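Participant: no sequence on this one, just coordinates:
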């Protein structure tokens, strides 16, 4: 997303999308069409709401074409730094903290903490003389988060009361799900019970490498049984190192061991935390399931916990991984059998609460598919936003803000652009055909 003021542009996140057509997967990932940035305006900076790939994955491609500083939490910038360091582009990354307020060109930007499935996520508030523009980022309303850091609803309410919210752009991912999103802390108890039931087995837990709060709960369950913890997969190792360095993940050097040391411990005292919960072809768990991992040979004395929900499009890969594990005699626990996952996105009742607190003049659902944004728009109307001020937008749509009114402008190009190693080396993405 981009905000433009006169000839200055502020970028909010810049992520990738994975191809859905199997025939396109060899072409690389899908990034935004950056041609709109090649006009007479200048990017004065970018803000990162959080460190997930669909929010930071395309920054290296954009930074190869334009130079600008990037603002975000230390963890978000750390994850971004891991992606751009190879290119040695000398990008200026400026860390911010909860409730920081900074001037980026002509933009007055505030970072409000939100709870999500990755640490240190933020909502972005752009203060204007006509009221605030609020970008929720990805978020959930977790009253008992693992790290005690809650979504800053009180600050958003204060902004609404004092200056008013001109426009709210709100995460729609779980708008079609009824009720409230479960707390991440609830997963910890489930994990402990599974560990207790499989105390005589080696345990392998697969989850997203960015989900530091989930990793912490796996670590806590393992330490309660005097197990050592073995991270497996490059992203898992890198993110654990980053989170420990920032004080976001807690485990002693004695309890965190490398795969090369694992033979020093009985299997029942080992917990491996691996990538591969989505059945990714090159992930560690996938190789284990196929019997092709060089260090881990799974069998009846192992238990595997898939601590995630299946992302749409990954169903076949996950099913194949589970079947391969079962054929090897492994005990497998997944979200269909136990509550080993809690979503990082607010559900309908959470979104209604957010809307009631923020009370925006204009409402624009964002994130998710069109069906999710459509459901979110309906929630906005239920909560009192006039239908003509609840705007459904798609990629390439332009909204023009003048005073306290919003109108639709001329669309810009939003064609899919495939990006792979060859296009990355040239600094230019190749367009999708």
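Facilitator: Happy to help now that I have it. These figures come from a predicted structure and were not determined experimentally.

Participant: where are the low-confidence patches of the stretch 251-400 of the chain?
Facilitator: 312-313 (pLDDT under 70).

Participant: can you give me the helices for it?
Facilitator: All helices of the stretch 251-400 of the chain, identified by DSSP state H, counting those that start in this stretch, fall at 284-289, 315-327, 348-358, 370-382.

Participant: highest average neighbour count across these?
Facilitator: Neighbour counts averaged per stretch over the helices of the stretch 251-400 of the chain are highest for helix 284-289, at a mean of 25; criterion: mean count of other CB atoms under 10 Å. (Each C-beta comes from the backbone N, C-alpha and C, glycine too.)

Participant: mean confidence for the host helix or strand of residue 193?
Facilitator: Element membership of residue 193 [criterion: DSSP states H and E] is helix 185-197. Predicted confidence along helix 185-197 averages 97 (mean pLDDT).

Participant: repeat for stretch 100-107
Facilitator: pLDDT averaged over stretch 100-107 equals 97, rounded to a whole number.

Participant: and residue 29, what are its bridge partners?
Facilitator: Beta-bridge pairing for residue 29 (DSSP bridges): residue 419.

Participant: From residue 369, how far out is it?
Facilitator: Distance, residue 29 to residue 369, by CB to CB, to the nearest Å: 18 Å.

Participant: Neighbour count: these two, which is higher?
Facilitator: Neighbours per residue, other CB atoms under 10 Å: of residue 29 and residue 369, the larger number sits with residue 29, 21 against 12.

Participant: and of the helices of the stretch 251-400 of the chain, who's closest to residue 224?
Facilitator: When the helices of the stretch 251-400 of the chain are ranked by distance to residue 224, counting by CB to CB, first place goes to helix 284-289 at 23.1 Å.

Participant: on that earlier part again, indicate which one of the helices of the stretch 251-400 of the chain is closest to residue 241.
Facilitator: helix 284-289 (16.6 Å).

Participant: The stretch 201-350 of the chain: strands as residue ranges?
Facilitator: Assignment of strands within the stretch 201-350 of the chain using DSSP state E, counting those that start in this stretch yields the ranges 202-206, 228-232, 270-274, 302-306, 331-333.

Participant: now the ones you listed as TSV including mean neighbour count?
Facilitator: What follows is these, written out as TSV (neighbours: other CB atoms under 10 Å):
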stretch	mean neighbour count
strand 202-206	27
strand 228-232	23
strand 270-274	25
strand 302-306	26
strand 331-333	19
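
Participant: Can you redo the ones you listed as TSV, where the extra columns are distance to residue 184?
Facilitator: Compiled in TSV, those are given as follows (distance: least, CB to CB, whole Å):
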stretch	distance to residue 184
strand 202-206	15
strand 228-232	19
strand 270-274	16
strand 302-306	16
strand 331-333	18
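
Participant: Residue 263 is nearest to which of these?
Facilitator: Shortest distance between residue 263 and these, using CB to CB, is found for strand 270-274: 9.6 Å.

Participant: so the closest one versus helix 185-197, what angle?
Facilitator: Counting by axes from the mean of the first three to the mean of the last three CA atoms, to 10 degrees, strand 270-274 points 140 degrees away from the direction of helix 185-197.

Participant: other SSEs contacting strand 270-274?
Facilitator: strand 202-206, helix 212-224, strand 228-232, helix 234-245, helix 284-289 (3 or more CB pairs under 8 Å, 6 or more residues apart in numbering; DSSP states H and E).

Participant: and the angle for the fourth one with strand 202-206?
Facilitator: Angle, helix 234-245 to strand 202-206, by the same axes, to 10 degrees: 90 degrees.

Participant: Could you tell me how far the most centrally placed residue in the chain is located from residue 290?
Facilitator: For the chain, the residue lying nearest the average C-alpha position, counting by CA atoms, centre = their mean, turns out to be residue 52 (3.3 Å). Per CB to CB, residue 52 is found 27 Å from residue 290.

Participant: One more: residue 47?
Facilitator: In this structure, residue 47 and residue 290 are 41 Å apart, going by CB to CB.

Participant: list the contacts for residue 165?
Facilitator: Listed by CB atoms under 8 Å, 6 or more residues apart in numbering, the contact partners of residue 165 are 131-134, 156, 159, 358-361.

Participant: do residue 229 as well
Facilitator: Under the criterion of CB under 8 Å, 6+ apart, the contact partners of residue 229 comprise 218-219, 222-223, 251, 255-257, 271-273.

Participant: could you dump those residues to TSV with distance to residue 391?
Facilitator: Output for the contacts of residue 229, formatted as TSV (distance: CB to CB, whole Å):
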residue	distance to residue 391
218	41
219	44
222	48
223	49
251	46
255	51
256	48
257	53
271	48
272	47
273	42
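
Participant: Against residue 353, how distant is the closest residue to residue 349 other than its chain neighbours?
Facilitator: The shortest distance from residue 349 to any residue other than its chain neighbours is 5.0 Å, reached at residue 180 (CB to CB, 6 or more residues apart in numbering). Distance, residue 180 to residue 353, by CB to CB: 9 Å.

Participant: quick one: common contacting residues for the two?
Facilitator: Taking CB under 8 Å, 6+ apart as the contact criterion, the common neighbours of residue 180 and residue 353 are residue 141.

Participant: Show the buried residues in the contacts of residue 229.
Facilitator: Burial by neighbour count, judged by 16 or more other CB atoms under 10 Å, picks out 218-219, 222-223, 251, 256-257, 271-273 from these.

Participant: of all those residues, which comes closest to residue 377?
Facilitator: Distance ranking of those against residue 377, using CB to CB, places residue 218 first at 37.4 Å.

Participant: for the stretch 51-200 of the chain, what are the low-confidence residue spans?
Facilitator: By pLDDT under 70, the weakly predicted segments of the stretch 51-200 of the chain are 85-89.

Participant: How about the secondary structure of the closest residue to residue 60 other than its chain neighbours?
Facilitator: In space, residue 60 comes closest to residue 84 once its chain neighbours are excluded; the distance is 5.0 Å by CB to CB, 6+ apart. Reduced to three states with DSSP: H, G, I helix; E, B strand; the rest coil, the structure at residue 84 is helix.

Participant: Would you confirm that residue 84 contacts residue 64?
Facilitator: No: in this structure residue 84 lies outside contact range of residue 64 using CB atoms under 8 Å: 9.2 Å.

Participant: re earlier: ok now the helix holding residue 193, how far from the chain's centre?
Facilitator: 23 Å (CA atoms, centre = their mean, to the nearest Å).

Participant: That's all I had, so thanks and see you.
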